[in-house]
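Student: Kindly generate the corresponding structure for this input.
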Amino acid sequence: MGYIKEKFKVKADELNIEVKDLVKNHGTKKIEDVTLAQVYQGMRGITGLVTETSLLDANEGIRFRGYSIPELREHLPKAPGGAEPLPEGLFYLMLIGELPTEADVQYLSSMWGRRSHVPNHVFDAIEALPITAHPMTMFNVGIMALQTESSFAQAYSEGINKKDYWSYTYEDTMNLIARLPRIAAYVYRRKYKGGQHIQPNGMLDWAGNFAHMLGYSDEGFKELMRLYMVIHADHEGGNVSAHTTHLVGSALSDAYLSFAAGMNGLAGPLHGLANQEVIKWILQMREELGGGVPTKEQIESYVRKTLADGKVVPGYGHAVLRKTDPRFTAQMEFAKKHLPNDELVKIVWQVYETVPPILQDLGKVKNPWPNVDAHSGALLVHYGLVEYEFYTVLFGVSRALGVLASLCWDRALGLSLERPKSVTTEWMKQFVEGKVDAIAE
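Tutor: Predicted structure coming up:
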């Protein structure tokens, strides 16, 4: 079975007992009330999901199994000679709930390396798309084509006990995570590098091998990929990509179908596509201001014009956070160490000093601080990955770690089909007027 899989089974059995006890003894306890505005405004702030892998606090930021990003950077195992945490270690932490050893991380690296073969029909499916297709479209087609390899789908069609759903979901999860860098790199090399593909290097870690297949041998870029994959991996369960993966998975769709659905959500401009919008905005600002590093006064004038035109400053604000995103801070620390004199990075820092006070003065923005997208593009451009349409694919490869670990837990805990109640606006009007009662429990 493999010792990580066995360990997960032990943890899942223990938590199952706790969950059943909670539901049995406290199932009628109300967590919170829901307002009419929350129903209309994206269910914002409604507690309605359980996600074991991470928890987002408005003031502290994201914590993975209780560990902050600075703590992850300190405690998770590193690549030989490296300083950034290995994504394999974060996946282990999210799945098992414990910090991994060096041996645990090496086991995952080796396992994913052995499982990384992608069938030719997946590449054929990607090749059938026009070269003009967006990288996320190609990436998702590759994921869907890979669904033919689903262990869960095959086992379910043959008839399996629902107590074993988790086991096949675990196998799909490990296979999919192992193969995603190969698919993503294939998309990149096909679209931007004339179809000159690079074979994987089995001696490298998961993120290092991804960097290699993209075509970047710089050790700094490999370190960036390790950090990038860690900080983008999860952001609790309510964001679109995580929630969609969970929702589709609740219908017992396999990991491939569920993850592909989540990636379609990630491709939206209000979610993962935002990171390409940030770098587009910065490059456009620099061009319109005459090149070079603009002054704070120039940036302030440009920002105010952007806002006056009814547009947003991309990379600023977050649905939950009310402070500078710790993921932004981690990237800023990386930049200060590896590329402190980079022109785009300096602009990012200037924008960071300029934008929040302007947004605060407006009094309409709950969170004027930068999120993860505000910095990532400048780092990628520094190392030569200038094709910003591809950035969301990088995000997607990383996000697989969190949402698929969560999907394993969904199956292990036997979570139900998600099916919230909906009403019409006419019903809402009658409810406000006292003509109908609240929905019966």
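
Student: residue contacts, the residue nearest to residue 221 when sequence neighbours are not counted?
Tutor: Excluding the flanking residues, the one nearest residue 221 by Cβ to Cβ, 6 or more residues apart in numbering is residue 383, at 4.3 Å. C-beta coordinates here come from the backbone N, C-alpha and C atoms, glycine included. Residues in contact with residue 383, defined by Cβ atoms under 8 Å, 6 or more residues apart in numbering, are 216, 218, 220, 221, 224.

Student: Surely residue 62 is in a strand?
Tutor: Yes. Per DSSP: H, G, I helix; E, B strand; the rest coil, residue 62 lies within a strand segment.

Student: quick one: pLDDT of residue 440?
Tutor: Confidence at residue 440, expressed as pLDDT, is 58.

Student: What does the pLDDT read for the residue nearest to residue 221?
Tutor: 97.

Student: May I ask you to name the longest helix in this protein?
Tutor: Ranked by residue count under DSSP state H, the longest helix found in the chain is helix 165-192.

Student: In PDB, list the C-alpha atoms belonging to the helix or strand just after that helix.
Tutor: Proceeding N to C from helix 165-192, the next assigned helix or strand is helix 206-214, under DSSP states H and E. Only the C-alpha atoms of helix 206-214 are listed here, as PDB (Å, rounded to 0.1, in the frame of the first residue of the first chain):
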ATOM      1  CA  TRP A 206       9.000  17.800  -8.200                       C
ATOM      2  CA  ALA A 207       9.200  21.600  -8.600                       C
ATOM      3  CA  GLY A 208      12.900  21.400  -9.700                       C
ATOM      4  CA  ASN A 209      11.900  19.000 -12.400                       C
ATOM      5  CA  PHE A 210       9.000  21.200 -13.500                       C
ATOM      6  CA  ALA A 211      11.500  24.100 -13.900                       C
ATOM      7  CA  HIS A 212      13.800  21.900 -15.900                       C
ATOM      8  CA  MET A 213      10.900  20.800 -18.200                       C
ATOM      9  CA  LEU A 214       9.900  24.400 -18.700                       C
END
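
Student: Look up the closest residue to residue 112, ignoring the ones flanking it.
Tutor: residue 178 (3.9 Å).

Student: Provide a list of residues in contact with that neighbour.
Tutor: Under the criterion of Cβ under 8 Å, 6+ apart, the neighbours of residue 178 are 111, 112, 113, 114, 115, 116, 206.

Student: Then residue 123?
Tutor: 142, 186.

Student: can you give me phi and psi for it?
Tutor: phi -70, psi -40 (degrees, to the nearest 10).

Student: Quick check: residue 175 touching residue 149?
Tutor: Yes. Counting by Cβ atoms under 8 Å, residue 175 does reach residue 149; the two are 6.5 Å apart.

Student: Residue 117: neighbouring residues, count only.
Tutor: For residue 117, the neighbour count with other Cβ atoms under 10 Å is 12.

Student: correct me, but it touches residue 179?
Tutor: Yes. Residue 117 is in contact with residue 179 according to Cβ under 8 Å; the separation is 7.5 Å.

Student: Now list whatever residues contact both of the two.
Tutor: Between them, residue 117 and residue 179 share no contacting residue, judged by Cβ under 8 Å, 6+ apart.

Student: Tell me the spacing between residue 42 and residue 297.
Tutor: Distance, residue 42 to residue 297, by Cβ to Cβ, to the nearest Å: 37 Å.

Student: Could you point out which residue ranges in the stretch 51-200 of the chain have low pLDDT?
Tutor: Nowhere does the stretch 51-200 of the chain drop to pLDDT under 70.

Student: can you map out the strands along it?
Tutor: 54-57, 61-64, 67-68 (DSSP state E, counting those that start in this stretch).

Student: most tightly surrounded among those?
Tutor: Sort those by mean neighbour count, taking mean count of other Cβ atoms under 10 Å, and strand 61-64 sits at the top with a mean of 22.

Student: Now do it: which elements does it pack against?
Tutor: strand 54-57, helix 69-75, helix 87-96, helix 326-338 (3 or more Cβ pairs under 8 Å, 6 or more residues apart in numbering; DSSP states H and E).

Student: can I get those in a markdown table with distance to residue 166?
Tutor: Compiled in a markdown table, these are given as follows (distance: least, Cβ to Cβ, whole Å):
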| stretch | distance to residue 166 |
| --- | --- |
| strand 54-57 | 20 |
| helix 69-75 | 26 |
| helix 87-96 | 11 |
| helix 326-338 | 30 |
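
Student: one step back: identify, from the contacts of residue 383, the entry nearest to residue 373.
Tutor: In terms of Cβ to Cβ, no member of the contacts of residue 383 lies closer to residue 373 than residue 224, at 15.2 Å.

Student: Thank you kindly, that will do.
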